[in-house]
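Peer 1: Pasting the sequence and the predicted model now:
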2 protein chains.
Amino acid sequence: MRPLTESALLTDLYQLSMVQAYLDSGMTDTAVFELFVRKLPKGRNFLLAAGLEQVLAHLEALSFTPAEIAWFERAGGFNSRFLDYLAGFRFTGDVHAMPEGTAFFSNEPIIRVTAPIMQAQLAETRVINLMNLETIVASKAARSVLAAPGKFLVDFGLRRAHGAEAGLLAARAAYIAGFDGSSTVLAGERFGIPVYGTMAHSFIQAHQTEREAFTNFALSRPRDVTFLLDTYDTEAAARKLVAIAPGLKARGVTLRSVRLDSGDLGALAFAVRAILDAGGLKEVGIFASGGLDEQELARLLGTGAPIDGFGVGTALVVSADAPALDCAYKLQEYAGQPRRKRSAGKATWPGRKQVFRSYDADGRMLRDVLTVEGDAQSGEPLVTQVMAAGKRIGAPEPLAAVRARVRQEFGRLPAHLKQLEDSATPMQVEVAPALRALAAAVDRVAR
Amino acid sequence: MRPLTESALLTDLYQLSMVQAYLDSGMTDTAVFELFVRKLPKGRNFLLAAGLEQVLAHLEALSFTPAEIAWFERAGGFNSRFLDYLAGFRFTGDVHAMPEGTAFFSNEPIIRVTAPIMQAQLAETRVINLMNLETIVASKAARSVLAAPGKFLVDFGLRRAHGAEAGLLAARAAYIAGFDGSSTVLAGERFGIPVYGTMAHSFIQAHQTEREAFTNFALSRPRDVTFLLDTYDTEAAARKLVAIAPGLKARGVTLRSVRLDSGDLGALAFAVRAILDAGGLKEVGIFASGGLDEQELARLLGTGAPIDGFGVGTALVVSADAPALDCAYKLQEYAGQPRRKRSAGKATWPGRKQVFRSYDADGRMLRDVLTVEGDAQSGEPLVTQVMAAGKRIGAPEPLAAVRARVRQEFGRLPAHLKQLEDSATPMQVEVAPALRALAAAVDRVAR
């Protein structure tokens, strides 16, 4: 049995029913689908595109094993034309996309898939699944990065991420957005993301005394040790650390930081800082964790609390205030004819689209124009081709390059779009006359 | 490279640092950890335990490959004693748990792990990761089941679930709670969950006319067809279906239902019902989807809208109003000595614990008593042994048995705990005198 992340059955049944119907009726022309976010979630003034790398890897590998094909035979209602099609299935289409780390706004295509309609339809579920997850977490992580400039930020969320892949990809998305690393070991192995860790309360509790626990831990992995202080009494633990620090240093231990994980983190940070400074441990930093989100980071730093870094967990990896995007992967063109959905409240802009972004004299984002591909507009085009005939163009982009793009985007986003609250003046996304004209033309055709 | 769901690196770095420190200091005695929820999320009067099957499978299989061990060598700071330990690692401990589908409340242990402390510590991250996900989704799904009694409910959430495993396990969790099935094909293959599907708007849009789309789809898979009506104009589409239905039936098509996915679902359901009934299609059901949650199900059914089934997607699979549990896996005993954490606001009850549940004369849950194992209390004990020395006791429980348990729990939960709003009188969880005495005894030992 294949890993579930690679299974071609990780899709919605209707995708397969539609593929069979397309084959049966000979409708195998090229379709164009685009993925976009209808409306930014409350509390988001921009989103960061993420997940493209996983999408491209998925499309390159997508195929059906004999065991998977056998499932459809058993399920019933599928015919031999369809089963033969699955047996030979490879994705042979083109993909255009915004590069990972690009800031984007509502109605802007972040991925376009151009392929025989059966292929483009089969791609839908997993393309949304991957892009929704990484985009929502990268966009959430960006808020912590903006709320705590210059602070050391680590993803601590694996345990409450929604399963294995969510934990791994949340670490990737947070790193893209500017986090310094993750506690998730697998993120180190798979993506080369820096991995950090401290100790748990259970380690302290298992020992007869905190002092013994600190000592055993430090001597086992003596480099850059972080000590957890809040198991019993935070300030008392800080004083114990001061007492044993000279002995530990004499035995080759280097102290990096202390971690506070409960109580009034701001007040405790001031108190612990004073104890450490008075005890000759000015070089030891203070790291805070425990139910934190970007609002709490901003609040703590606003009080001047001497905190050098934060572990952000649950709220980050589930994007607690906006755990999903109102996103859609919609048919924009079939057999060369532009299409749109006109459902109440869910109408879409037809055709293959491009976004042109303009900047002001200071290099800040000024305006996006959404238009049809080929309609020349001033500004920087954001959507480029990344896959041709089923093969990606160029090598996977290194995470360092994606991180650099995010830093550039942070420099280009106007201040009011970087605030944690909803901006009164959201980014202007204009619909060009050429696109309006196309939509009107599509609507004149009765269905 | 192993599937990420099986990787032993899907854990937090500190678990490994602690394991090395335990080995280095010779602290290899038996530890007891319990997983519990500190406080039920807002809007939850009970939770349904889920995920145990995946936890047991994980613990039985947990081991480190040479490639994984090599990662620790490269990471640095790990010694040969530790690397040798990983090479021979197998989980040999005991597990006690509440059976899947059991209703539970705050501070009640849902899983207990008893093992050499290195093993119990290494289990932590993934045990929480799996139990948090399935429990939160099963508990969310239960609300839809209670809000729409007798209605046909299908999980439609894969595309916005957080990655591959979340999508698959959300389908399982929803099915446990009483959903009829899922759109996720892999849930059918892996778990035998009934899989359902309709058609997408793109299918309609790709055709020149709705009528042609309906016909092509129905003839391709003629059994129990569901037609999507809202791509352009819902009522017009219903009339088109009435017009073509006799011809389709004559060609062997059986019509199951129509799907409404946008607009005022209640008003449209009344209008479409009237059109179908007048058109001789009384047997065709109405299925609604599109951004639904349990509150909306209750509201729609409260208006008497003639809707026979619902597809529930995003809000279900991300548990949108409560996307994570405030849960913890805490050390309760080490080397035969009970332990507790005393951190501000996060103190825990020490020792190996049991929950006894009492029922009133009508069989409704009356009271839970939390106490230490071995303290006899009246009522039904909820925690039983499910794994001994690393091997599960008995075969995996069939999903049908778990579903039956959930139905039993719904019959046992008092009405005020089954309402969608927070109950003014939450379930009573009493702490037995024996447990209070143990906590006091633990606190008398200075750490």
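Peer 2: Received the coordinates, thanks.
Peer 1: roughly how far apart are the closest residue in space to residue A:298 that isn't next to it in sequence and chain B?
Peer 2: Excluding the flanking residues, the one nearest residue A:298 by C-beta to C-beta, 6 or more residues apart in numbering or on different chains is residue A:147, at 4.2 Å. Every C-beta, even on glycine, is put in place using the N, C-alpha and C of the backbone. In this view, residue A:147 and chain B are 20 Å apart by C-beta to the nearest C-beta, to the nearest Å.
Peer 1: go on, residue A:212?
Peer 2: Residue A:212 is 8 Å from chain B, by C-beta to the nearest C-beta.
Peer 1: just residue A:28 next, same as before
Peer 2: Residue A:28 is 11 Å from chain B, where distance means C-beta to the nearest C-beta.
Peer 1: again with residue A:86
Peer 2: Using C-beta to the nearest C-beta, we find residue A:86 at a distance of 12 Å from chain B.
Peer 1: okay, now the residue nearest to residue A:298: neighbour count?
Peer 2: Counted with other C-beta atoms under 10 Å in any protein chain shown, residues neighbouring residue A:147 total 24.
Peer 1: now do residue A:251
Peer 2: Counted with other C-beta under 10 Å, the neighbours of residue A:251 add up to 11.
Peer 1: Could you do residue A:66 as well?
Peer 2: As a burial measure, residue A:66 scores 8 neighbours (other C-beta under 10 Å).
Peer 1: and the closest residue to it other than its chain neighbours, what does it touch?
Peer 2: Of all residues not flanking residue A:66 in the chain, residue A:87 sits nearest, at 7.8 Å (C-beta to C-beta, 6+ apart). Counting by C-beta atoms under 8 Å, 6 or more residues apart in numbering or on different chains, residue A:87 touches A:64, A:66, A:69.
Peer 1: Next, residue A:177: phi, psi?
Peer 2: Main-chain dihedrals, residue A:177, degrees, to the nearest 10: phi -70, psi -10.
Peer 1: just the one 3 residues further on next, same as before
Peer 2: Summarising the backbone geometry of residue A:180 under the convention degrees, to the nearest 10, its torsions are phi -80, psi -20.
Peer 1: so it sits right up against residue A:152, yeah?
Peer 2: Yes: contact criterion C-beta atoms under 8 Å: residue A:180 and residue A:152 qualify, at 5.3 Å.
Peer 1: Relative to residue A:223, how far out is residue A:243?
Peer 2: 21 Å (C-beta to C-beta, to the nearest Å).
Peer 1: what about the residue nearest to the spatial centre of chain A, which SS state?
Peer 2: Taking C-alpha atoms, centre = their mean, the centroid of chain A lies closest to residue A:134, which sits 2.5 Å from it. What DSSP: H, G, I helix; E, B strand; the rest coil gives for residue A:134 is helix.
Peer 1: what residues go with each domain of chain A?
Peer 2: Listed by automatic domain parsing, the domain ranges of chain A are A:4-138+A:325-443, A:198-288.
Peer 1: can you redo those domains as TSV with mean pLDDT?
Peer 2: Output for the domains of chain A, formatted as TSV (pLDDT from 0 to 100):
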stretch	mean pLDDT
domain A:4-138+A:325-443	96
domain A:198-288	97
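Peer 1: could you redo those domains as TSV and give each row distance to residue B:375?
Peer 2: Below are those laid out as TSV (distance: least, C-beta to C-beta, whole Å):
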stretch	distance to residue B:375
domain A:4-138+A:325-443	42
domain A:198-288	22
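Peer 1: before we move on, the earlier item: residues contacting the residue nearest to residue A:298?
Peer 2: Residue A:147 neighbours (C-beta under 8 Å, 6+ apart): A:294-295, A:297-298, A:301, A:420.
Peer 1: which ones among the residues you listed are found in strands?
Peer 2: Among the contacts of residue A:147, the subset assigned to strands under DSSP state E is empty.
Peer 1: Most widely separated two among these?
Peer 2: The largest separation in the contacts of residue A:147, counting by C-beta to C-beta, is between A:301 and A:420 at 12.1 Å.
Peer 1: who touches both of residue A:180 and residue A:152?
Peer 2: The contact sets of residue A:180 and residue A:152 overlap at residue A:309 (C-beta under 8 Å, 6+ apart).
Peer 1: What pairs with the helix or strand encompassing residue A:113, parallel or antiparallel?
Peer 2: Under the criterion of DSSP states H and E, residue A:113 resides in strand A:111-116. Strand A:111-116 has its sheet partners listed here by DSSP bridges as strand A:30-39 (antiparallel), strand A:94-97 (antiparallel).
Peer 1: To residue A:406, which of those lies closest?
Peer 2: strand A:94-97 (15.9 Å).
Peer 1: Can I get that closest one as PDB, trimmed to CA atoms?
Peer 2: Extracted in PDB, the C-alpha atoms of strand A:94-97 (Å, rounded to 0.1, in the frame of the first residue of the first chain):
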ATOM      1  CA  ASP A  94       1.000  23.100 -17.800                       C
ATOM      2  CA  VAL A  95       1.000  24.900 -14.500                       C
ATOM      3  CA  HIS A  96       1.300  28.700 -14.000                       C
ATOM      4  CA  ALA A  97       1.600  30.100 -10.500                       C
END
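Peer 1: what's near enough to touch the spatially closest residue to residue A:76 that is not a sequence neighbour?
Peer 2: Of all residues not flanking residue A:76 in the chain, residue B:223 sits nearest, at 7.7 Å (C-beta to C-beta, 6+ apart). Applying C-beta under 8 Å, 6+ apart to residue B:223 gives the contacts A:76-77, B:254.
Peer 1: so residue A:71 makes contact with residue B:189?
Peer 2: Yes: counting by C-beta under 8 Å, residue B:189 is a contact partner of residue A:71 at 4.9 Å.
Peer 1: Identify the contacts common to the two.
Peer 2: In contact with both residue A:71 and residue B:189: residue A:9, using C-beta under 8 Å, 6+ apart.
Peer 1: From the contacts of residue A:87, which land in helices?
Peer 2: Counted as lying in helices by DSSP state H, out of the contacts of residue A:87, are A:66, A:69.
Peer 1: With distance to residue B:410 added, can I get the contacts of residue A:87 in CSV?
Peer 2: What follows is the contacts of residue A:87, written out as CSV (distance: C-beta to C-beta, whole Å):
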residue, distance to residue B:410
A:64, 39
A:66, 41
A:69, 39
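Peer 1: Among the contacts of residue A:87, which one lies nearest to residue A:414?
Peer 2: Distance to residue A:414, by C-beta to C-beta, is smallest for residue A:64 among these, at 47.5 Å.
Peer 1: distance between the strand holding residue A:113 and the chain's centre?
Peer 2: 22 Å (C-alpha atoms, centre = their mean, to the nearest Å).
Peer 1: Can I get that strand in PDB, CA atoms only?
Peer 2: Presented in PDB, the C-alpha positions along strand A:111-116 are these (Å, rounded to 0.1, in the frame of the first residue of the first chain):
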ATOM      1  CA  ILE A 111      -2.200  28.500  -9.400                       C
ATOM      2  CA  ARG A 112      -3.500  27.800 -12.900                       C
ATOM      3  CA  VAL A 113      -3.700  24.300 -14.300                       C
ATOM      4  CA  THR A 114      -4.000  23.800 -18.100                       C
ATOM      5  CA  ALA A 115      -4.500  20.200 -19.100                       C
ATOM      6  CA  PRO A 116      -7.000  17.700 -20.700                       C
END
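Peer 1: If anything else comes up later, I'll come back, but that's it for now.
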